[in-house]
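[1] No letters, just coordinates:
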């Protein structure tokens, strides 16, 4: 039998990894792929009218993240209508 070893993580090191450039790039690429899926799922009539979804990377308190949102002032309302009718963000983001 082996010895028991207690391991403690260093909070500052964990935060540095979660905010690193590699993690940010991975999350941004996943958010871009989710936005592309949302645009593909968008209702064709609303898509012709200009509805679209976009993505961007965000920096939060302890970690980085990717955000998919309804784009544009007028287009955002159309994408919001599409999301309301078809649940596009949930389907496109795989939730």
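    Thanks, I have it. Every value quoted in this text rests on a predicted model; they were computed, and no experiment measured them.
[2] and the longest helix anywhere in the chain, how far out from the chain's middle?
    The longest helix of the chain (DSSP state H) is helix 21-41. Offset of helix 21-41 from its chain centre (CA atoms, centre = their mean, to the nearest Å): 6 Å.
[3] Can you point out the buried residues in it?
    Neighbour-count burial for helix 21-41, counted by 16 or more other CB atoms under 10 Å, picks out 23-24, 27-28, 30-35, 37-39, 41. No exception for glycine: its C-beta is placed from N, CA and C like everyone else's.
[4] Count the neighbours of residue 19 for me.
    Per other CB atoms under 10 Å, the neighbour tally for residue 19 reads 15.
[5] Kindly report the same for residue 54.
    18.
[6] so it touches residue 69, yeah?
    Yes: using CB atoms under 8 Å, residue 54 makes contact with residue 69 at a distance of 6.3 Å.
[7] isn't there a helix covering residue 81?
    Yes: per DSSP: H, G, I helix; E, B strand; the rest coil, residue 81 lies within a helix segment.
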